[in-house]
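Undergrad: next come a sequence and a model predicted from it.
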Protein chains: 2
Amino acid sequence: MERKDIEEKYTWDLSTIYQNDKEFYQDIEKCKDQLNELASYQNHLCDDFDHFYSFLKTKDEMSIILNKAYCYAHLNCDVEPQNQQYQKMMATVMTLLQDTSVKLVYVDNEICKNESKVNHYLEDPRLQSYQYSISQVLKYKPHLLDDQQETLIAKVDGLADISEQVFDSLRLEYEDVEVNGKKETLNNATLNEFLKNKDINVRKQAYHHFFKEYKRFENTFATTLAGVMKKDAFYSDVRHFDSPLASSVFNDDVPTDLFFKILDKANHQYRHLFHRYNKLKKKILKIDDFYNYDLNIPLVKDVTKKYTIEQCFDIIDQALQPFGKDYLDIIHKARNERWIDFYPTTGKRIGAYSSGSYGTNPFILMNFIGDYNSLSTMIHELGHSVHTYLSNHNQEFVNSHYRIFVAEVASTVNETLLINYMINHAKDNQEKAYYIYEQLENCVGLIFRQPMFADFEHRLHEMAKNNEPMSSKIITDLYAKLNQDYFGEDVKMDDLVGWSCYYVPHFYYDYYVYKYTLGMTVALAVVNRILKGDQQQVQNYLAFLKSGGSQSPVDLLTKAGVNPLEDAIYDDAFHYFEDLLNQFETLI
Amino acid sequence: MERKDIEEKYTWDLSTIYQNDKEFYQDIEKCKDQLNELASYQNHLCDDFDHFYSFLKTKDEMSIILNKAYCYAHLNCDVEPQNQQYQKMMATVMTLLQDTSVKLVYVDNEICKNESKVNHYLEDPRLQSYQYSISQVLKYKPHLLDDQQETLIAKVDGLADISEQVFDSLRLEYEDVEVNGKKETLNNATLNEFLKNKDINVRKQAYHHFFKEYKRFENTFATTLAGVMKKDAFYSDVRHFDSPLASSVFNDDVPTDLFFKILDKANHQYRHLFHRYNKLKKKILKIDDFYNYDLNIPLVKDVTKKYTIEQCFDIIDQALQPFGKDYLDIIHKARNERWIDFYPTTGKRIGAYSSGSYGTNPFILMNFIGDYNSLSTMIHELGHSVHTYLSNHNQEFVNSHYRIFVAEVASTVNETLLINYMINHAKDNQEKAYYIYEQLENCVGLIFRQPMFADFEHRLHEMAKNNEPMSSKIITDLYAKLNQDYFGEDVKMDDLVGWSCYYVPHFYYDYYVYKYTLGMTVALAVVNRILKGDQQQVQNYLAFLKSGGSQSPVDLLTKAGVNPLEDAIYDDAFHYFEDLLNQFETLI
């Protein structure tokens, strides 16, 4: 569909950011002036309180405008990539962003060099909101290098992302899959459909045709995967961290323990629940030689309901009732003020996201096709948008940006409330079983599979740290072994399983995957309590959303009533999975 | 064929290096001890003359042994890659080499810090042979960084070669080519045969099937090609060179002028000769729409002679007569002492090379199949081996290693003497025309094509230096334009020509390609004079071979009687091509 054929109310309204191009370029000029002003503070940043304070204020002003301009350019590019005016805006912003990081590279070093002065400044009430962000800079002091080395490292950055760039650029093509004598196209999007097919030949063929391509290019993928691990190990080494993990959790401001707790819970203490689920699958499907490519066959007949956008908003209104009027009012605002671009159109970016900036509304890009997945994605992205809205309206700019770590909580809580609503409002047992099955699969992905990924990624990082060889044989042997342990003895592994690690983009994101598990675990704990009518939990949760990025993730989550360092939330999450599994067994 | 089925006299004799594994590992232990001793000189290297002198002597001793061990391991691995004993030896040597570069990173800095002391030491006759190598270290002083930054850069090295690794790992597969209704395999080896086919459909298909794969993966290749350019620009930047070219020629100890002189001669002054040759091809082949994939159709019927190894040695003996007995005696030694491993066997490395070390004989790996190309390769590699032998027997270790720059002269002179011999001893005009055609093609590759490559590579390096974008569109548009200018108006360019740059590994070798042109140009000048009976040229040339790496390439070549900074040798080389073209026109 072309953009011009879409009713206006289903597109986002970016005129709330800028009315025209002229306004955009006026802001760019303003930014450039402010950047030059900020650069002139070099060697004088900590001369006195006034210098320091006015620097911070000007920097915030500039950042707000620059983020706003970036938001306008990237949202427009994502729906109209061929429009050269928007491409030019994007290039303009990117150059300015690079310029900013080069010209302000001195700032952190000057703050650290003047630690006691700065701590003294922070006692002034005007700097109260800067406490957290500046404490983060000071904490980084042992990892900052002298200006010459920092400049050298800044130059290395341009070389260091080759592995990820190559991974992103490698687009494989796959042999067709034969279904009922007819050749059908296999690609990233259709693989999962083939794996749901009742015919074992279709599943096996799809799996083989798909992953044999990863085997064919194994040396390239091994090079890029080892490359990204070496990159992480390089930065951790030159910045004096004990390990790539230590470096990553430092940047997230969480303790290393958290990582190992999550792995221990999922990969050891509760893995038997996942094995039980796999055993049940094998039994229900009555397959003697049960292979990993058989795991996606649906256990329950698909509920092929379709929803209009209006119906989705109605269901979302119902599912999110527990949050109360204030929360729902923001969702209504999103609808009425046109924050959302709903339909897929020619050239539009695929997938979905929530974006926005401090000086704008939140915005959601969707590719809505009216199935349950569209509904679920919509409530997920709205979770992010409400989080952004509440954060921006309750925090000063410096504290408004929240980390991925807590971001996934806001979206997953909504998704979980939705599926619970669907389970509770199912019209019969079959529909109920369908939604429970959906949620079981969802849980498997987030609380079991991601920790296995995290384990794998951690071992690769350790190899890189210790300068051990990382050939494709070593990588794929390791991945095959982890998979066998993970799925348990009831599931046989296809010979190609080792090469399936080359398909996962998240290994290029520096210890990202375990954050999904945390998000899901916290979400399950929060939802569980809310559904039991715990009004305090609702208030704590809303307070958490309003806190943005004003504290460390652990402090923020503790504020929400869910301390991620305690065993309780993990135990609750895995028991929730166990309950669901029990329910499912009785229904099926 | 299996190794055990080959007659012993056609395999190389590595027992002249080590009789058994024990001897190898004894040398490794000796190296380790010497390395620890060398490391203990840190901060005391320039305490006094005796320290300095004994360090250099011990370092040479260690290097000779380490190179010997490396030689033994790599030669064995190349013919028996499955043998785990040899793989272990190789890994052992590689670890020790890495260790050496880390533990001795201090040396150059200490020499530079004590420049005046060191210059004083160099007045002692015992250090006479170190003059050149230490002057090279001191010349590098402006480009050395402090120890902290040097350590950081040493760590970057581990990340910096991802682009090249990915390029090496990407093995493409190509659609078959239909020849007379039969599908035939297309690959790196067969492409050129298809391009010689009389049927235009075969040529066009082969060209399209081959380069469309490079187009398919264009974003990956653009990433790696841009990546390697950025790497070179990074090193040139952080080491304070004006440009990647300046950095590269500095390392080769030649002036920047040399690079531009070669490009100017080939790409401007004499390009009309290449255009004339292409016009002649079009005329002889009678093709109205003459495309770039038509350029390889043979202009003369193939002379499909076969040679035994013994016949090859006889011809080589004849062709190299002008060098006299001493030179030929070394070739007889190569044969009698079994320096050469002739035949292709299962698992053996493909291609050909000459290797060896200061403490061993030179060794040649070949994949001899008895055609003219095998003969030509044999005389080429023997050129390297005699160069190595004479260098090792006339220079101390520190001056024995010669640069690629002069290496290609020694091999190309031999190849050129061979083809001249073949031209002069052709049994009829057709055979004569065949060898002239071979030599014309050879010249086109080395004195015309490589400078075009060099021009392309230089432009990419400049883009990287200036931080300009390098998308696949920009790269392939540039390459297509350079090709059209290069081939001239009589040759039409296929639409895929821009993507053919992704096929060339040499762009990953940091300004390598123009060195081929220099080698060929010098070789043509040398051979021309020798064949005219210039005995002084023979003596100068042999003296040059004996000089190894004791001076800068320009000084060495000037010694050989061919100053590469003067116009004369280029003019001679291109006039040689013109003469050959004139001869060819009268014969055809």
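TA: The structure has been received and is ready for your questions.
Undergrad: okay, CA-based contacts and neighbour counts for the rest of this
TA: OK.
Undergrad: in the longest helix seen in chain A, which residues are buried?
TA: Longest helix in chain A, counting residues (DSSP state H): helix A:49-79. Within helix A:49-79, the residues that count as buried by 16 or more other CA atoms under 10 Å in any protein chain shown are A:49, A:52-53, A:55-56, A:58-59, A:62-79.
Undergrad: residue A:178 in helix, strand or coil?
TA: Following DSSP: H, G, I helix; E, B strand; the rest coil, the label given to residue A:178 is strand.
Undergrad: which strand residues bridge it?
TA: Beta-bridge pairing of residue A:178 under DSSP bridges involves residue A:183.
Undergrad: do you know the pLDDT at it?
TA: If you check residue A:178, the pLDDT there is 97.
Undergrad: that one - how many residues pack around it?
TA: Residues near residue A:178, counting by other CA atoms under 10 Å in any protein chain shown, number 15.
Undergrad: for residue A:362, phi and psi?
TA: Per-residue torsions, residue A:362: phi -70, psi 150 (degrees, to the nearest 10).
Undergrad: coming back round to it: now for the longest helix of chain A, which elements pack on it?
TA: With contacts taken as 3 or more CA pairs under 8 Å, 6 or more residues apart in numbering or on different chains; DSSP states H and E, helix A:49-79 sits against helix A:21-39, helix A:84-103, strand A:353-356.
Undergrad: alpha carbons of the longest one, as CSV, please.
TA: As requested, C-alpha coordinates have been extracted for helix A:84-103 and formatted as CSV (Å, rounded to 0.1, in the frame of the first residue of the first chain):
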residue,chain,number,x,y,z
GLN,A,84,16.2,12.7,-0.3
GLN,A,85,15.2,15.7,1.8
TYR,A,86,14.8,13.4,4.8
GLN,A,87,18.1,11.6,4.0
LYS,A,88,19.9,14.9,3.9
MET,A,89,18.4,15.8,7.3
MET,A,90,19.6,12.5,8.7
ALA,A,91,23.1,12.9,7.3
THR,A,92,23.1,16.4,8.8
VAL,A,93,22.2,15.2,12.3
MET,A,94,24.6,12.3,12.1
THR,A,95,27.5,14.6,11.3
LEU,A,96,26.6,16.9,14.1
LEU,A,97,26.3,13.9,16.5
GLN,A,98,29.8,12.8,15.6
ASP,A,99,31.1,16.3,15.9
THR,A,100,29.6,16.5,19.4
SER,A,101,31.3,13.4,20.6
VAL,A,102,34.7,14.5,19.3
LYS,A,103,34.4,18.1,20.6
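Undergrad: for chain A, what lies in contact range of chain B?
TA: Counting by CA under 8 Å from any CA of the partner chain, chain A comes close to chain B at A:149, A:152, A:155-156, A:158-160, A:162-163, A:165-166, A:169-171, A:217, A:219-220, A:223-224, A:227, A:230-231, A:234, A:238.
Undergrad: is residue A:298 in a helix, a strand, or coil?
TA: Residue A:298 is classified as coil under three-state DSSP.
Undergrad: picking that back up, looking at the helices and strands packed on helix A:49-79, which has the lowest confidence?
TA: helix A:84-103 (a mean of 85).
Undergrad: what's next to it, contact-wise?
TA: Helix A:84-103 has contacts (CA atoms under 8 Å, 6 or more residues apart in numbering or on different chains) with A:28, A:32, A:35, A:39, A:66, A:69-70, A:73-74, A:76-77, A:80-81.
Undergrad: hmm, which two among those are most spread apart?
TA: Taking CA to CA, the two most distant members of the contacts of helix A:84-103 are A:39 and A:80; they sit 34.9 Å apart.
Undergrad: which of the helices and strands packed on helix A:49-79 sits most buried?
TA: Ranked by mean neighbour count, the helices and strands packed on helix A:49-79 are led by strand A:353-356 with a mean of 20 (mean count of other CA atoms under 10 Å in any protein chain shown).
Undergrad: can you list the strands that the helix or strand just after that strand pairs with?
TA: Past strand A:353-356, further along toward the C-terminus, the next helix or strand under DSSP states H and E is strand A:362-365. As defined by DSSP bridges, the strand partners of strand A:362-365 come to strand A:340-341 (parallel), strand A:353-356 (antiparallel).
Undergrad: off-centre distance for the first one?
TA: Spelled out, it's strand A:340-341. 20 Å (CA atoms, centre = their mean, to the nearest Å).
Undergrad: so what's whichever residue of the stretch 1-150 of chain A sits closest to chain B up against?
TA: With CA to the nearest CA as the measure, residue A:149 is the residue of the stretch 1-150 of chain A nearest to chain B, at 6.3 Å. Residues in contact with residue A:149, defined by CA under 8 Å, 6+ apart, are B:148-149, B:152.
Undergrad: quick check: it is in a strand.
TA: No. Checked against three-state DSSP, residue A:149 lies outside a strand; its state is helix.
Undergrad: what angle do the longest helix of chain A and helix A:84-103 make?
TA: Interaxial angle, helix A:49-79 versus helix A:84-103 (axes from the mean of the first three to the mean of the last three CA atoms, to 10 degrees): 150 degrees.
Undergrad: show me what the mean pLDDT comes to for helix A:49-79.
TA: For helix A:49-79, the mean confidence score works out to 97.
Undergrad: which parts of the stretch 101-250 of chain A are helices?
TA: Taking DSSP state H, counting those that start in this stretch as the test, the helices found in the stretch 101-250 of chain A are A:106-113, A:115-121, A:131-139, A:147-160, A:162-169, A:191-195, A:200-216, A:218-238, A:244-252.
Undergrad: pick the most deeply packed of those.
TA: Comparing the helices of the stretch 101-250 of chain A by mean neighbour count (mean count of other CA under 10 Å), helix A:218-238 comes out on top with a mean of 23.
Undergrad: just the CA atoms of it, as CSV, please.
TA: Provided in CSV are the C-alpha atoms of helix A:218-238 (Å, rounded to 0.1, in the frame of the first residue of the first chain):
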residue,chain,number,x,y,z
GLU,A,218,30.7,-20.9,8.6
ASN,A,219,34.2,-19.4,8.3
THR,A,220,32.9,-16.0,7.6
PHE,A,221,30.4,-16.2,10.5
ALA,A,222,33.1,-17.6,12.8
THR,A,223,35.3,-14.7,11.9
THR,A,224,32.7,-12.0,12.6
LEU,A,225,31.4,-13.7,15.8
ALA,A,226,35.0,-14.1,17.1
GLY,A,227,35.6,-10.6,15.9
VAL,A,228,32.9,-9.0,18.0
MET,A,229,34.0,-11.0,21.0
LYS,A,230,37.6,-9.8,20.5
LYS,A,231,36.3,-6.2,20.2
ASP,A,232,34.5,-6.5,23.6
ALA,A,233,37.5,-8.1,25.1
PHE,A,234,39.7,-5.3,23.7
TYR,A,235,37.7,-2.5,25.2
SER,A,236,37.4,-4.3,28.6
ASP,A,237,41.2,-4.9,28.6
VAL,A,238,42.3,-1.4,27.6
